[in-house]
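Participant: Sequence plus predicted model, see below.
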Amino acid sequence: MIIRCRLRGVSFLLPNPPQNWRITVKSFATQLSLLQHASLSFRFFSSSSTSPSSPNPNQYSFTVSYLINSCGLSPQSALSASQKLRLVTPERPDSVLTLLRNYGITDAQLPKLLRVFPSLLLADPEKTLLPKLEFLHSKAFTRADLGRILSSCPLILSRSLDNQIIPCHNFLKSILHLDKTVVSACKRSPRILLENVKKNIVPKITALQEIGVPQSSVVFLIKHYPCVVQLKNDKFHEIVKEVMESGFDPLKMVFITAIQVFAGMSKSTWEQKMEVYRRWGLSNHEIMLLFRGFPLCMSLSENKIMSTVDFLVNKMGWKLSAIIRVPITLGYSLEKRIIPRCSVGKVLILKGLVKKDLSLGAFLKLTEKKFFDRFVIKYQNHIPQLLNLYKGEVGVLELGFASEEICGIKQL
């Protein structure tokens, strides 16, 4: 069955309605009434009832129907997009859709792209769109990459190939050196291809170089945090000043991470995170020590901070000073890394197999292989179920320790 919706003389089609089409239509009618302050009438007919002699819909009706049936837009989105677009025949938009699909735009991504840039359907597929897609594809952008990037930032296809896309790509490659690294940066922030390089990106790079930031750090910034170089220049300079005043060394990579943290956080959010750490009795000075050692500690959620510190301090008995010395601990997964490793460590200490004063960092900073070899494989003969404990298949209490011995360690 096909549903034909009619709005003040303009009809559009809804093919293959779901079983609960009455609810869907009723909901849609309500939405359109609110949007258009007009009433809807509906006519239902089977697809077999249509005939070549049926009257052709007007342009507005055809545009809405095409956006719904061929492009996958919702009725509401199609109605909105049709205010910016008038389709007369399907030939041009059909060619555009074919080209987009050939270059990686999926049916799921297409509505997102056209909601933002509906007039794309009127572009010349051969003269306007194909050269841009061919260029990007020739520069290591896979079809999957193009689908992801263009659906996130459709306006890339509206920019001049010679005056914007090529110069911007060439500049990024001059900094990042490899096409695949340029792709990586664009996937993180597609809008970087829209930037005025000379006015917005070059001044930031120059400012960093003037304070001694090495080129490797500049590359790291653009590759991993491209949104930062898209900030307004005044805002960027203000952030760099804050990072300097916080005691970070421009020669170290952590300087760039601190810039990213400040760039993504408002003053009020910063103060909220400070308050979370203060609840554990940390002074402002101690919090800044944490921040300088692991800037991302201020980007963690309140729940992540509270649950990690609670486990290490209240369940494991480590002091806050130990966390300050190894602040990256806060960023590790509680379930996948901290609890399994600390459980192993606690049992080894209780068995007298390792020193009681073994540092928190020795347990948590090691790579997976090094930890496994040094603390699990090495002592398996002494504690046969150590591997099961590490995997979470048994708890510490099941190994024969009394609850008072393990100081309330959480059973896994």
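Facilitator: Looks like it came in fine.
Participant: Let me know the next secondary structure element after the host helix or strand of Lys346.
Facilitator: For Lys346, the element it lies in under DSSP states H and E is helix 339-350. Of the helices and strands lying after helix 339-350 in sequence (DSSP H and E), the nearest is helix 360-364.
Participant: what's the spacing between the residue most central in space within the chain and Leu221?
Facilitator: Nearest residue to the geometric centre of the chain (C-alpha atoms, centre = their mean): Arg188, 7.5 Å. Computed as C-beta to C-beta, to the nearest Å, the Arg188 to Leu221 distance reads 11 Å. Backbone N, C-alpha and C define where each C-beta goes, glycine included.
Participant: give me the low-pLDDT residue ranges for the stretch 151-300 of the chain?
Facilitator: Under the criterion pLDDT under 70, no range of the stretch 151-300 of the chain is flagged.
Participant: Where do the helices of it begin and end?
Facilitator: Per DSSP state H, counting those that start in this stretch, the stretch 151-300 of the chain carries helices over the ranges 166-176, 179-188, 202-210, 215-224, 233-245, 254-263, 267-278, 284-293.
Participant: Point out the other helices and strands that the fifth one packs with.
Facilitator: By that I understand helix 233-245. Helix 233-245 sits against helix 202-210, helix 254-263, with contacts defined as 3 or more C-beta pairs under 8 Å, 6 or more residues apart in numbering; DSSP states H and E.
Participant: tell me how far the ends of stretch 192-207 are from each other?
Facilitator: The first and final residues of stretch 192-207 sit 19 Å from each other (C-alpha to C-alpha, to the nearest Å).
Participant: in that stretch, what's buried?
Facilitator: Residues of stretch 192-207 classed as buried: Ile192, Leu193, Leu194, Glu195, Val197, Asn200, Ile201, Lys204, Ile205 (neighbour count, 16 or more other C-beta atoms under 10 Å).
Participant: residues in contact with the third one?
Facilitator: Leu194 makes contact with Cys153, Leu155, Ile156, Arg159, Gln164, Cys168, according to C-beta atoms under 8 Å, 6 or more residues apart in numbering.
Participant: Next one: it from Cys153, what distance?
Facilitator: From Leu194 to Cys153 the distance is 7 Å (C-beta to C-beta).
Participant: my guess is Asp107 is in a helix, correct?
Facilitator: No: counting by DSSP: H, G, I helix; E, B strand; the rest coil, Asp107 is not part of a helix but coil.
Participant: Ser70 is in contact with that one, correct?
Facilitator: No: if you go by C-beta atoms under 8 Å, Asp107 and Ser70 don't touch, sitting 10.2 Å apart.
Participant: Counting neighbours, go ahead and name the busier of the two.
Facilitator: Between Asp107 and Ser70, counting by other C-beta atoms under 10 Å, Ser70 is the more crowded of the two (15 against 10).
Participant: Test my guess that the more buried one contacts Thr98.
Facilitator: No: judged on C-beta under 8 Å, Ser70 makes no contact with Thr98 at a distance of 10.8 Å.
Participant: Next, count neighbours for Ser216.
Facilitator: Using other C-beta under 10 Å, Ser216 has 10 neighbouring residues.
Participant: Identify the residue spatially nearest to it, adjacent ones excluded.
Facilitator: Met253 (7.6 Å; C-beta to C-beta, 6 or more residues apart in numbering).
Participant: Count the residues that sit near Ile165.
Facilitator: Ile165: 20 surrounding residues under other C-beta under 10 Å.
Participant: how close does it sit to Leu146?
Facilitator: Taking C-beta to C-beta, one finds Ile165 at 12 Å from Leu146.
Participant: shared neighbours, the two?
Facilitator: When C-beta under 8 Å, 6+ apart defines a contact, the residues bordering Ile165 and Leu146 alike are Leu136.
Participant: hmm, back to that, can you give me the mean pLDDT across the helix holding Lys346?
Facilitator: The average pLDDT within helix 339-350 is 88.
Participant: what comes up buried for that helix?
Facilitator: Ile339, Pro340, Arg341, Cys342, Ser343, Val344, Gly345, Lys346, Val347, Leu348, Leu350.
Participant: for the residues you listed, which one is nearest Ile383?
Facilitator: Of all the buried residues of helix 339-350, Val347 has the smallest distance to Ile383: 6.4 Å, by C-beta to C-beta.
Participant: Does that closest one touch Gln385 like I think?
Facilitator: No: under the contact definition of C-beta under 8 Å, Val347 does not touch Gln385, with a separation of 9.2 Å.
Participant: hmm, back to that, thinking the residue nearest to Ser216 is in contact with Phe220, fair?
Facilitator: Yes: Met253 lies in contact with Phe220 (C-beta under 8 Å); the separation is 6.1 Å.
Participant: Looking at the two, which is more packed in?
Facilitator: Phe220 (17 against 13).
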